[in-house]
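Colleague: Prediction below, plus the sequence it came from.
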Amino acid sequence: MTWFNKIGAIVVIALGLGLLGGCQTVEPTPSRDTSATTSGMILENPWARATPGTVPNGAVFLKIVNQGSTDDQLVAAHGKVSATIELHTHVLEGSVMKMRAVPHIDVPKNQSVELRPGGLHIMLINLHAPLNEGTKFPLTLEFARSGRMTVEVPVKGPAEMAGENHSDHHHKH
């Protein structure tokens, strides 16, 4: 075996084992659901609600499925869509529903967590441009154990969201 073949074999093995930094597997599904997998983590049906031009903030919703053998946590989200991206939840204070940043979102092994309107979500603060129906933007989710995964987030309008679980609560940030 030549030195070139040996190097090639080592790279193939390292890629297969995920030993080269920054490696990730992204597998979009052919259906309307967009998924990505790495270390047993699956991201299903990411979406964001379209925003009118004057609304400075938006949110991303999706289902996170942990098919891995260990608990994990979503610890951050990154993207160029807004100035700041935070993990959020809703809390009821008195009779007012308010959003609050959280340091992480637990994703227990062999379970799923749904980020949806009125609950856990990814908050896009100070959007660089309105989220227009029919467009998509990349978003990278960072997990404590599984690393980073990037998905394309489709922006839905009211007609597309008819089947989604959404809420019309007024929120204070």
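Modeller: Yes, it's here.

Colleague: Now do the end-to-end distance for stretch 107-121.
Modeller: Start and end residues of stretch 107-121 are separated by 13 Å (Cα to Cα, to the nearest Å).

Colleague: which parts of it are buried?
Modeller: Of the residues in stretch 107-121, those buried under the neighbour-count criterion (16 or more other Cβ atoms under 10 Å) are 107, 113, 115-117, 120-121. For every residue, glycine as well, the C-beta is placed using N, CA and C.

Colleague: ok, now stretch 59-74?
Modeller: Going by neighbour count (16+ other Cβ under 10 Å), the buried part of stretch 59-74 is 59-66, 68, 72-74.

Colleague: returning to what we had before: let's see which of the buried residues of stretch 107-121 end up in strands.
Modeller: For the buried residues of stretch 107-121, the ones inside strands are 107, 113, 115, 121, with DSSP state E as the criterion.

Colleague: for those, which one is nearest His88?
Modeller: Closest to His88 out of these is His121 (5.4 Å), distances taken as Cβ to Cβ.

Colleague: any idea of the pLDDT on the closest one?
Modeller: Looking at His121, its pLDDT reads 98.

Colleague: contacting residues for it?
Modeller: His121 is in contact with 59-61, 88-89, 115, counting by Cβ atoms under 8 Å, 6 or more residues apart in numbering.

Colleague: Need those residues in TSV (columns: secondary structure, pLDDT and distance to Pro154).
Modeller: What follows is the contacts of His121, written out as TSV (DSSP: H, G, I helix; E, B strand; the rest coil; pLDDT from 0 to 100; distance: Cβ to Cβ, whole Å):
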residue	secondary structure	pLDDT	distance to Pro154
Ala59	strand	97	14
Val60	strand	98	10
Phe61	strand	98	11
His88	strand	97	20
Thr89	strand	95	23
Leu115	strand	98	15
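
Colleague: Since that was my last question, I'll sign off now.
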